[in-house]
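> sequence isn't available, so here's the structure alone:
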């Protein structure tokens, strides 16, 4: 008889903030709980000054230890260059794979349409954080900053736990 240890990821919250309402605004941003085991995140940001040709992405991973503290990753990339060749940043690509298939952001610049991430389920995230690159148990926050033309335009915070 062998003992099998398994981890489980669960979304706990998502918060989307537009920092420049003349440039962009969130039409919706939510965590939907269909039942005890099926939850997903969806968001849509309306872009008002298209086409957008210069975008940077900053991702910071936090883990909760008496408040959220930086944990492992704090990366900034030129999103247009990254989308042209995703091998240029393995760390960003790891996180991009979480939502690439659920999004219309999977092409190179320019962006001349609203950006949508639809129904990212815990199943995919659970697989990536427990099997692909296992993370220790705890509460996490992935904070993403979306920077266009060298101005921080939006922040998306995704909270979750691994137990």
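Received, thanks. None of the values given here were measured: they were computed from a predicted structure.

> outside of the least confident helix or strand in the chain by mean pLDDT, which residues touch it?
Least confident helix or strand, the chain: helix 122-127 with a mean of 80, by mean pLDDT, DSSP states H and E. By Cβ atoms under 8 Å, 6 or more residues apart in numbering, the residues outside helix 122-127 that reach it are 7, 8, 9, 10, 11, 37, 38, 39, 40, 98, 160. From N, CA and C alone the C-beta is placed, and that goes for glycine too.

> what about 7 Å?
Residues outside helix 122-127 that contact it (Cβ atoms under 7 Å, 6 or more residues apart in numbering): 8, 9, 10, 11, 39, 98.

> okay if I get these as JSON lines plus secondary structure?
Listed next are the contacts of helix 122-127 as JSON lines, based on DSSP: H, G, I helix; E, B strand; the rest coil:
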{"residue": "8", "secondary structure": "coil"}
{"residue": "9", "secondary structure": "strand"}
{"residue": "10", "secondary structure": "strand"}
{"residue": "11", "secondary structure": "strand"}
{"residue": "39", "secondary structure": "strand"}
{"residue": "98", "secondary structure": "helix"}
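
> go ahead and build a PyMOL selection from the buried members of those residues.
To isolate the buried members of these in PyMOL, using 16 or more other Cβ atoms under 10 Å:
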select buried, resi 9+10+11+39+98
